[in-house]
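Enquirer: Kindly generate the corresponding structure for this input.
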Amino acid sequence: MDFSLSLHEFWIPLGQILLVNIVLSGDNAVVIALAARSLPPKQQKLAIFWGSGAAILMRIVLTIFAVKLLTLPYLKLIGAVLLVWIGIQLLSADEGEENVSSSDNLAAAIKTILLADLVMSLDNVLGVAAAAKGSMPLLIIGLAVSIPLVIFGASLLLKVMERFPIIITIGGGLLGWVAGEMAVTDPAVSGWLEANAPYMHHMYVGPILCTAVVLITGKVLSNRHHDKSA
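Expert: Below you'll find the model as predicted:
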């Protein structure tokens, strides 16, 4: 194999895939850590295991349909709404609910992780598929690399959240930001926005608005939970 050919057809795309995974797998790790933060240590590990496994499986399925998914209108808009809702729920969660069993808490955390992973794996898959340029070996490598990134990232974030609770708020804001980016790039609205409201793309208005909605609504609901439990 000619080295210059392999460089441009394999090594450079591989480097791009690694970078995409490092950047985008962080979102999944944030969701897993947020959803599992109030569980006992043993159940945190179970939530990370099942949540990470689900993220990888969904990426494999989504990769098969990646090209088609790029053209589907309203898919990203729906995903954006779901992410905003998930971000609000994670920030407003009442960690003092003693009447809920630990198994119910674990099940609820896994459900939240599954839904969020489904939404955010779309961006990861599309990014990896674009970098792979149709190469199946590169796609497989990209999927394999994402496994330790998600698991290690979630485990590390859980430890950081215990020492610095502000990370929880930052994580919720990140979900809002990702939701805003997804919304303005949906094929159903991206063309109209570019022609009539380009600032939505270039000034990050969409991400900023969604981040504000998640943080403000999550804070209000969290205060209500604390007031009721007081």
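
Enquirer: So residue 60 versus residue 143, what's the distance?
Expert: In this structure, residue 60 and residue 143 are 6 Å apart, going by C-beta to C-beta, to the nearest Å. All C-beta atoms are positioned from the backbone trio N, CA, C, and that covers glycine.

Enquirer: higher neighbour count, those two?
Expert: Neighbours were counted for residue 60 and for residue 143 using other C-beta atoms under 10 Å; residue 143 has more, 19 against 13.

Enquirer: show me the contacts for that one.
Expert: 56, 59, 60, 63, 128 (C-beta atoms under 8 Å, 6 or more residues apart in numbering).

Enquirer: Make a markdown table out of these and add secondary structure, distance to residue 80 and pLDDT.
Expert: Shown next, in a markdown table, are those (DSSP: H, G, I helix; E, B strand; the rest coil; distance: C-beta to C-beta, whole Å; pLDDT from 0 to 100):
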| residue | secondary structure | distance to residue 80 | pLDDT |
| --- | --- | --- | --- |
| 56 | helix | 23 | 72 |
| 59 | helix | 19 | 71 |
| 60 | helix | 23 | 73 |
| 63 | helix | 21 | 70 |
| 128 | helix | 20 | 68 |
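
Enquirer: which residues touch stretch 26-40?
Expert: With C-beta under 8 Å, 6+ apart, stretch 26-40 has contacts from 43-44, 47-48, 51-52, 55, 86, 90, 93, 95, 102, 105-106, 109-110, 112-113, 116-117, 120-121, 123-124, 149-150, 152-154, 156-158, 161-162, 168, 171-172, 174-175, 178.

Enquirer: Just the C-alphas of it, formatted as CSV.
Expert: Taking Å, rounded to 0.1, in the frame of the first residue of the first chain, the C-alpha atoms of stretch 26-40 are listed here in CSV:
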residue,chain,number,x,y,z
GLY,A,26,-18.3,13.9,26.4
ASP,A,27,-22.0,14.8,26.0
ASN,A,28,-23.0,11.2,26.6
ALA,A,29,-20.7,11.0,29.6
VAL,A,30,-22.3,14.1,31.1
VAL,A,31,-25.8,12.6,30.8
ILE,A,32,-24.8,9.3,32.4
ALA,A,33,-23.0,11.1,35.2
LEU,A,34,-25.9,13.5,35.9
ALA,A,35,-28.5,10.7,35.8
ALA,A,36,-26.5,8.4,38.1
ARG,A,37,-25.2,11.0,40.6
SER,A,38,-27.8,10.3,43.3
LEU,A,39,-27.5,6.5,43.2
PRO,A,40,-25.5,4.4,45.7
